[in-house]
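Undergrad: here's my sequence, what's the structure:
(one chain, ligands or ions: 2)
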Amino acid sequence: MCVVDSVGMAIVLGIDSSTQACKVLAVDTDTGAVVASGRAAHPHGTEVDPWSWWSACRRAIAEATADLTEPVAAMSVAGQQHGMVVLDSAGEVIRPALLWNDTRSAEQARALIERDGARSWAERTGSVPVASFTVTKLAWLAEHEPQHADRVARVLLPHDWLTWQLGDRATAVATDRGDASGTGYFSPVGGQWLPELLAESFGGRRPELPRLLEAGQAAGRTPSGAVLGPGTGDNMAAALGLELEPGDVVVSLGTSGTTFAVTDRPTTDSTGTVAGFCDATGRFLPLVATLNAARVLTATARMLDTDLTGLDDLALQAPAGAEGLVLLPYLEGERTPNLPEAAGTLLGLRTGNMTGANMARAAVEGMLCGLADGVDALRSVGVAVGRVLLIGGAASSRAVRAVAPMLFDVPVEIPDPGEHVAFGAARQAAWALTGDLPVGWQPRSSRVQESTEEVDTPIRANFATARYGQYGM
Ligand SMILES: Nc1ncnc2c1ncn2[C@@H]1O[C@H](COP(=O)(O)OP(=O)(O)O)[C@@H](O)[C@H]1O
Ligand SMILES: O=C(CO)[C@@H](O)[C@H](O)COP(=O)(O)O
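TA: Ligands and ions are numbered 1, 2, ... in the order given. Next up is the predicted model:
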């Protein structure tokens, strides 16, 4: 649907409301050039008041638009996936949102799988539920906070709620199939909600669900008249921003580690490793997620009493394989492999190898090994892997850039620095504004990262052996 008859050059905003921060880009629709940006931090924790996202979003938008001479014609919100935002019949937030990385619903995830079987979940919803998924959080709420569960009139995802806040009074609560596919009560193949499955998992309760928008369909308008795009999940928006081609696999190192690709056909993985999500264009987005990525590096830097630059320096001093030190970096529990109650483990300690450099190196290698396993899992469901595009905050790390080419057996490229999620959201906003998805906006050059070290050490095999020894998987 086109909401304007003709558009010359216009400014659109792409909003990335992810785990640690809200990032906004103002983009010129003619060229895809980023003309301004803004950023505001989110609170820590896995349980967050949605109003703190709203306040960060407003501050980031104010910063991005402060010096613009043109009015903003459209905007779209890409949000962290899966989080549970529950509203009462007056539209008020009932309790703080539970985020994708809150693992308290691990027991409910196990019970839901036991009830219906992993294959049935994968066939109906594209994915086998883990503690990240909204459906398990609702099951937890029904069991642990029935007084709150009884008041739930609507359940939303973070991006749905923010889009609704940005809208005028006529803007209804809406979502897109990309983010909906991470709830656990949506059919990627049918493109529809599964309200019966939701009710069965939420003690018979039937909260209202957001209206599902078509790809690129406007959700409404802001009070100042800007068109609101449908929005989507942050990983789906990154795929839009990078204009992925067949063979492109993204490895994103943000709070989560994700690896994903865009495919024409849905995937169904009953092992639960690959989630069968939808993308934001009407196609599909198989994805593997870990709970432990960039924060493994910040936590290790803190432990070594240094900063991220110091961590890079140390990691680059150590040899490949960290002289036998292996870190299983499950600091926040883990989602893939599904070990929600796990903690990190350091293996292979000897008097000769207990150096800060080896520790830093083991952190970088351990984090990346989980993602390299994710790329293999994508292959196992038929995804073509021609190159890896490394994005997210920790893709700036010099050590990550040096180690990644040793672990991924395809070329590793770093798209021009940028906020790819916000950029994809801006591209979606332009689509909602004009009715056409703009092409040729993607970062023009990508740097191929060559490995500078000879690798004799089987880093991934050592990691797999350590994990098997610890967890039998
Ligand atoms: N040079 C770097 N080395 C390692 N980590 C980095 C570097 N720069 C940023 N980060 C980390 O990236 C993370 C933020 O990445 P981002 O993709 O924006 O996360 P999210 O989208 O989950 O909010 C932070 O944990 C930050 O410490
Ligand atoms: O749960 C997932 C994907 O399924 C996460 O990727 C979240 O979408 C959060 O993303 P970041 O804040 O780490 O970018």
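Undergrad: show me what contacts the closest residue to ligand 1 within the chain?
TA: Closest residue of the chain to ligand 1, Cβ to the nearest ligand atom: residue 393 (2.0 Å). Where C-beta positions appear, they are placed from N, C-alpha and C, glycine not excepted. By Cβ atoms under 8 Å, 6 or more residues apart in numbering, residue 393 lies in contact with 20, 253-254, 294.
Undergrad: ok, now residue 469?
TA: residue 347.
Undergrad: you'd agree it is in a strand?
TA: No. Using DSSP: H, G, I helix; E, B strand; the rest coil, the assignment for residue 469 is helix, not a strand.
Undergrad: ok, back up a step: quick check: phi and psi at the residue of the chain closest to ligand 1.
TA: With angles defined as degrees, to the nearest 10, residue 393 sits at phi -50, psi -40.
Undergrad: okay, it: pLDDT?
TA: We have a pLDDT of 96 for residue 393.
Undergrad: mind listing which of the contacts of residue 393 are in strands?
TA: Under the assignment DSSP state E, the contacts of residue 393 contribute residue 253 to strands.
Undergrad: widest-spaced pair of the contacts of residue 393?
TA: 20 and 253 (12.3 Å; Cβ to Cβ).
Undergrad: more neighbours: these two, which one.
TA: Higher neighbour count among residue 20 and residue 253: residue 253, with 25 against 15, using other Cβ atoms under 10 Å.
Undergrad: in this structure, where is pLDDT below threshold?
TA: Counting by pLDDT under 70, the ranges of the chain that qualify are 1-7, 444-456.
Undergrad: and with 50 instead?
TA: 1-5 (pLDDT under 50).
Undergrad: what residues does it have near ligand 2?
TA: Residues of the chain found near ligand 2 (Cβ under 6 Å from any ligand atom) are 18-19, 80-82, 100, 132, 182, 233-235, 254-256, 258, 287, 289.
Undergrad: try it again at 8 Å.
TA: 18-20, 79-82, 99-101, 132, 182, 233-235, 252, 254-258, 275, 277, 287, 289, 293-294, 335, 392, 421 (Cβ under 8 Å from any ligand atom).
Undergrad: buried ones only from the residues you listed, please, as a PyMOL command.
TA: This is the PyMOL syntax for the buried subset of the residues of the chain next to ligand 2, where burial follows 16 or more other Cβ atoms under 10 Å:
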select buried, resi 18+19+79+80+81+82+99+100+101+132+182+233+234+235+252+254+255+256+257+258+275+277+287+289+293+294+335+392+421
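Undergrad: mind checking which of the residues of the chain next to ligand 2 land in strands?
TA: Per DSSP E, the subset of the residues of the chain next to ligand 2 in strands is 79, 233, 252, 257-258, 275, 277, 287, 289.
Undergrad: most widely separated two among these?
TA: Farthest pair in these (Cβ to Cβ) is 79 and 257. Separation: 18.1 Å.
Undergrad: which residues touch residue 356?
TA: With Cβ under 8 Å, 6+ apart, residue 356 has these contacts: 304, 306, 314.
Undergrad: list the buried residues of the one helix or strand residue 60 maps to.
TA: Here residue 60 is covered by helix 50-65, with elements defined by DSSP states H and E. Of all the residues in helix 50-65, those buried under the rule 16+ other Cβ under 10 Å are 50, 52-54, 56-61, 63-65.
Undergrad: phi, psi of the nearest residue to residue 365 once chain neighbours are set aside?
TA: Leaving out its chain neighbours, the residue that sits closest to residue 365 by Cβ to Cβ, 6 or more residues apart in numbering is residue 459, at 5.4 Å. With angles defined as degrees, to the nearest 10, residue 459 sits at phi -60, psi -50.
Undergrad: tell me where the stretch 251-400 of the chain has strands.
TA: 257-260, 275-278, 284-290, 326-328, 345-347, 387-391 (DSSP state E, counting those that start in this stretch).
Undergrad: out of the buried residues of helix 50-65, which is nearest to residue 114?
TA: Nearest member of the buried residues of helix 50-65 to residue 114, counting by Cβ to Cβ, is residue 50, at 31.5 Å.
Undergrad: check which residues of stretch 309-323 are buried.
TA: Here stretch 309-323 shows 311-316, 318, 320-323 as buried, counting by 16+ other Cβ under 10 Å.
Undergrad: so residue 220 sits against residue 172, correct?
TA: Yes. Counting by Cβ atoms under 8 Å, residue 220 does reach residue 172; the two are 6.9 Å apart.
Undergrad: of these two, which one has the most company?
TA: Between residue 220 and residue 172, residue 220 has the larger neighbour count (other Cβ under 10 Å), namely 23 against 11.
Undergrad: name the nearest residue to the more buried one, sequence neighbours excluded.
TA: Residue 220's closest residue in space is residue 171 (Cβ to Cβ, 6+ apart), at 2.9 Å.
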